[in-house]
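Trainee: Have a look at this fold, sequence not included:
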């Protein structure tokens, strides 16, 4: 079970690296503290949405595995 959670954490970190890299490189720059004014806000929010959907799927699978194990 701990290895499953470790694997899920590693998989969840992969998109986070790309999101942070995009923020650092200035591909998505928030001007005036608002992402609506970013150079390409659609791409940024698409990445955030895909990341959130992936995390929700991984959380669902983790809960399903935990609940399906015999006590």
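Mentor: Received, thanks. Model, not experiment: these values are computed from the prediction.
Trainee: Worst mean pLDDT across the helices and strands of the chain, which element?
Mentor: helix 2-25 (a mean of 71; mean pLDDT, DSSP states H and E).
Trainee: Tell me the first helix or strand C-terminal of it.
Mentor: Tracing the chain C-terminally past helix 2-25 and defining elements by DSSP states H and E, one meets helix 41-68 next.
Trainee: on that earlier part again, now the angle from the least confident helix or strand of the chain to helix 41-68?
Mentor: Orientation of helix 2-25 against helix 41-68 (axes from the mean of the first three to the mean of the last three CA atoms, to 10 degrees) gives an angle of 170 degrees.
Trainee: Helix 2-25 packs against which elements?
Mentor: Helix 2-25 makes packing contacts with helix 41-68 when contacts are defined by 3 or more CB pairs under 8 Å, 6 or more residues apart in numbering; DSSP states H and E. C-beta coordinates here come from the backbone N, C-alpha and C atoms, glycine included.
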